[in-house]
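# here is a sequence together with a model predicted from it:
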Amino acid sequence: MTSPFSHSRKGTVAVCLPALIALMILASGCTQPVLQQPAPAAQQTQSLPAPVTVTRTDSSHMTVAYPGSSDTTTLLELKATVTDSTGKVQTKSAGDHLSTSPLKFGATIPLTGTFTGNSHVVVTGYFLDGSQKLMLDTTL
(Lines give C-alpha, C1' and ligand atoms only; values in the text may rest on other atoms or scores of the structure.)
Protein backbone atom coordinates (compact mmCIF):
# COMPACT_ATOMS: atom_id res chain seq x y z
CA MET A 1 0.00 0.00 0.00
CA THR A 2 1.23 3.46 -0.72
CA SER A 3 1.06 6.35 1.66
CA PRO A 4 -1.31 9.14 0.68
CA PHE A 5 1.41 11.69 1.74
CA SER A 6 4.35 10.32 -0.33
CA HIS A 7 3.69 12.73 -3.17
CA SER A 8 3.66 15.79 -0.89
CA ARG A 9 6.86 14.72 0.93
CA LYS A 10 8.88 14.85 -2.27
CA GLY A 11 7.72 18.42 -2.84
CA THR A 12 8.59 19.39 0.73
CA VAL A 13 12.07 17.91 0.39
CA ALA A 14 12.55 19.71 -2.92
CA VAL A 15 11.70 23.03 -1.26
CA CYS A 16 13.48 22.47 2.05
CA LEU A 17 16.76 21.12 0.63
CA PRO A 18 17.77 24.38 -1.13
CA ALA A 19 16.67 26.37 1.93
CA LEU A 20 18.79 24.13 4.17
CA ILE A 21 21.82 24.56 1.89
CA ALA A 22 21.36 28.34 1.91
CA LEU A 23 21.23 28.36 5.72
CA MET A 24 24.42 26.26 5.88
CA ILE A 25 26.20 28.72 3.60
CA LEU A 26 25.12 31.65 5.77
CA ALA A 27 26.10 29.85 8.95
CA SER A 28 29.56 28.98 7.57
CA GLY A 29 30.49 32.65 7.49
CA CYS A 30 31.01 33.18 3.79
CA THR A 31 28.74 36.20 3.92
CA GLN A 32 30.34 37.77 6.98
CA PRO A 33 31.37 41.40 6.42
CA VAL A 34 35.04 42.07 5.80
CA LEU A 35 36.65 43.75 8.78
CA GLN A 36 38.33 46.95 7.80
CA GLN A 37 41.56 47.77 9.52
CA PRO A 38 41.94 51.30 10.80
CA ALA A 39 44.04 53.62 8.72
CA PRO A 40 47.58 53.98 10.06
CA ALA A 41 48.32 57.16 11.93
CA ALA A 42 50.08 59.81 9.93
CA GLN A 43 53.82 59.51 10.39
CA GLN A 44 56.58 61.88 9.65
CA THR A 45 59.21 60.23 7.53
CA GLN A 46 62.84 61.12 7.69
CA SER A 47 64.98 60.97 4.62
CA LEU A 48 67.58 58.38 5.53
CA PRO A 49 70.77 58.11 3.52
CA ALA A 50 70.91 55.20 1.10
CA PRO A 51 72.70 52.23 2.67
CA VAL A 52 74.73 51.77 -0.53
CA THR A 53 75.86 54.28 -3.16
CA VAL A 54 77.85 54.04 -6.37
CA THR A 55 79.89 56.79 -8.03
CA ARG A 56 81.80 56.87 -11.28
CA THR A 57 85.03 58.73 -10.64
CA ASP A 58 86.16 58.63 -14.29
CA SER A 59 85.63 56.55 -17.44
CA SER A 60 87.49 53.55 -15.98
CA HIS A 61 86.75 53.65 -12.22
CA MET A 62 83.66 53.24 -10.04
CA THR A 63 83.31 52.96 -6.30
CA VAL A 64 80.50 51.22 -4.43
CA ALA A 65 80.33 52.71 -0.94
CA TYR A 66 78.57 51.57 2.21
CA PRO A 67 78.15 54.62 4.44
CA GLY A 68 76.02 52.56 6.82
CA SER A 69 72.50 52.78 8.12
CA SER A 70 70.57 51.84 11.24
CA ASP A 71 68.66 49.35 9.06
CA THR A 72 71.82 47.50 8.08
CA THR A 73 73.68 46.98 11.36
CA THR A 74 73.71 43.19 10.80
CA LEU A 75 75.06 43.40 7.24
CA LEU A 76 77.95 40.96 6.75
CA GLU A 77 78.79 41.26 3.06
CA LEU A 78 78.08 43.42 0.04
CA LYS A 79 78.45 41.82 -3.38
CA ALA A 80 78.55 44.20 -6.36
CA THR A 81 78.04 42.94 -9.91
CA VAL A 82 78.76 45.43 -12.66
CA THR A 83 78.19 45.10 -16.38
CA ASP A 84 80.27 47.80 -18.05
CA SER A 85 79.55 49.52 -21.36
CA THR A 86 81.44 46.81 -23.32
CA GLY A 87 79.34 44.03 -21.75
CA LYS A 88 82.08 42.75 -19.44
CA VAL A 89 80.66 41.49 -16.13
CA GLN A 90 82.63 41.59 -12.91
CA THR A 91 81.69 40.77 -9.33
CA LYS A 92 83.52 42.00 -6.24
CA SER A 93 82.70 41.84 -2.54
CA ALA A 94 83.35 43.63 0.70
CA GLY A 95 83.02 41.62 3.91
CA ASP A 96 82.22 37.94 4.26
CA HIS A 97 78.75 36.40 4.54
CA LEU A 98 80.23 33.52 6.61
CA SER A 99 81.50 35.97 9.22
CA THR A 100 79.78 36.86 12.46
CA SER A 101 81.17 40.42 12.49
CA PRO A 102 79.11 43.05 10.67
CA LEU A 103 80.60 45.00 7.79
CA LYS A 104 82.10 48.27 9.00
CA PHE A 105 80.39 51.50 8.02
CA GLY A 106 82.45 53.24 5.35
CA ALA A 107 83.47 50.05 3.50
CA THR A 108 84.06 50.47 -0.25
CA ILE A 109 84.35 48.26 -3.31
CA PRO A 110 86.62 49.75 -6.00
CA LEU A 111 85.83 48.68 -9.58
CA THR A 112 87.76 49.19 -12.80
CA GLY A 113 86.44 48.74 -16.33
CA THR A 114 85.20 50.62 -19.35
CA PHE A 115 82.56 52.93 -17.95
CA THR A 116 82.19 55.34 -20.88
CA GLY A 117 78.55 54.41 -21.62
CA ASN A 118 75.78 52.95 -19.51
CA SER A 119 76.95 50.54 -16.83
CA HIS A 120 74.53 48.38 -14.85
CA VAL A 121 75.31 47.99 -11.13
CA VAL A 122 73.57 45.48 -8.85
CA VAL A 123 74.53 45.28 -5.16
CA THR A 124 73.25 42.51 -2.89
CA GLY A 125 73.59 42.52 0.88
CA TYR A 126 74.00 39.37 3.00
CA PHE A 127 72.85 39.59 6.61
CA LEU A 128 73.62 37.83 9.91
CA ASP A 129 70.24 36.04 9.97
CA GLY A 130 71.05 34.36 6.62
CA SER A 131 68.81 36.63 4.55
CA GLN A 132 69.87 38.60 1.53
CA LYS A 133 68.49 41.82 0.13
CA LEU A 134 68.86 43.77 -3.08
CA MET A 135 70.54 46.96 -1.89
CA LEU A 136 71.04 48.77 -5.19
CA ASP A 137 70.06 48.23 -8.83
CA THR A 138 70.96 51.17 -11.04
CA THR A 139 72.45 52.22 -14.35
CA LEU A 140 75.11 54.91 -14.56
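Arrived safely, thanks for sending.
# how about His97, phi and psi?
Main-chain torsions, His97, degrees, to the nearest 10: phi -70, psi -10.
# for it, which non-adjacent residue is spatially closest?
Tyr126 (3.7 Å; C-beta to C-beta, 6 or more residues apart in numbering). Every residue, glycine included, has its C-beta placed from N, CA and C.
# need the three-state assignment for the one you found.
Reduced to three states with DSSP: H, G, I helix; E, B strand; the rest coil, the structure at Tyr126 is strand.
# just the one 10 residues further on next, same as before
With three-state DSSP as the basis, the three-state label of Leu136 is strand.
# dump the residue contacts of it.
By C-beta atoms under 8 Å, 6 or more residues apart in numbering, the residues touching Leu136 are 50, 52-54, 64, 121-123.
# which positions are bridged to the residue nearest to His97 in the beta structure?
Residues found in beta-bridge contact with Tyr126 (criterion: DSSP bridges) are Glu77, Gln132.
# distance of it relative to Asp58?
Between Tyr126 and Asp58 the distance is 29 Å, computed by C-beta to C-beta, to the nearest Å.
# number of nearby residues for the closest residue to Thr116 other than its chain neighbours?
Nearest in space to Thr116, with sequence neighbours left out and distances taken as C-beta to C-beta, 6+ apart, is Ser59 at 4.8 Å. Taking other C-beta atoms under 10 Å as the criterion, the count of residues near Ser59 is 11.
# what about Ser59, distance to His120?
Between Ser59 and His120 the computed distance is 16 Å (C-beta to C-beta).
# what do you get for Asp58?
Per C-beta to C-beta, Asp58 is found 18 Å from His120.
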